[in-house]
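Undergrad: Provided below are the primary sequence and the corresponding predicted coordinates.
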Amino acid sequence: MLDVHRYHVKEMTIFLLLSVFVLCGCFDQTVVPDKGDFTFKVPKGYIISDITDSNCSIYEAEKSKMVGGIEITKLKLKDLKDENSSNIFRYLRQRFYGNKRMEQVTSLWGDKHPIVDIHLCVQDDENSRHEYYHIFFEKDLGVYHLWLDGGLVDQISETEFIGITGVD
């Protein structure tokens, strides 16, 4: 009788452990939208153009010059709350900057709808520096990336662009 009881205890323990592993794995399964929603109201003097399922371009209306863009990423909502922003910087290196030298100032803010605001200075191969603004935010359960060329967009306009993120 004791052996039968031990067998059932082992069986139940294995079942519980497997259940915990399966459930823990499911909690981190964030569904990333396949298509982005690029219906943003941009600041006066700018327009959104070249819209696809995954990104759009931002142009200065008067000069018809591209100054930035918005794209939906494969990042997860929890990445917006990571104090080190490690997945975001990995994304920026893979998508934009490779091994170029980067200096950054990063701000995380917003409670209900968190955003990560990054001012980046990138040094290219010829030792010239260029400034970019990167803003990561949540919309419709996806993580969007708004980027602006700091040489083409002034800081006042950059602040106005933060308004399209819905930050509280």
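TA: Right, received. Where do you want to start? Here the structure is a predicted model, which means the values were calculated and not measured.
Undergrad: May I have the strands that pair with the longest strand belonging to the chain, each with its orientation?
TA: If you go by DSSP state E, the chain has its longest strand at strand 129-139. In the sheet, strand 129-139 lines up against strand 115-123 (antiparallel), strand 142-149 (antiparallel) (DSSP bridges).
Undergrad: Of all these, which one is nearest residue 79?
TA: Nearest to residue 79, of all the strands paired with strand 129-139, is strand 142-149, at 6.5 Å by CB to CB. To be clear about C-beta, it is placed using only N, CA and C from the backbone, and glycine gets the same treatment.
Undergrad: as a whole number, average confidence for that closest one?
TA: If you average the pLDDT over strand 142-149, you get 95.
Undergrad: May I have the predicted confidence score for residue 9?
TA: Each residue has a pLDDT score; the one for residue 9 is 51.
Undergrad: re earlier: pull out the buried positions in the longest strand of the chain.
TA: 131, 132, 133, 134, 135, 136, 137, 138, 139 (16 or more other CB atoms under 10 Å).
Undergrad: Could you single out the nearest of those to residue 155?
TA: Proximity of the buried residues of strand 129-139 to residue 155 was ranked by CB to CB; the top entry is residue 133 with 8.5 Å.
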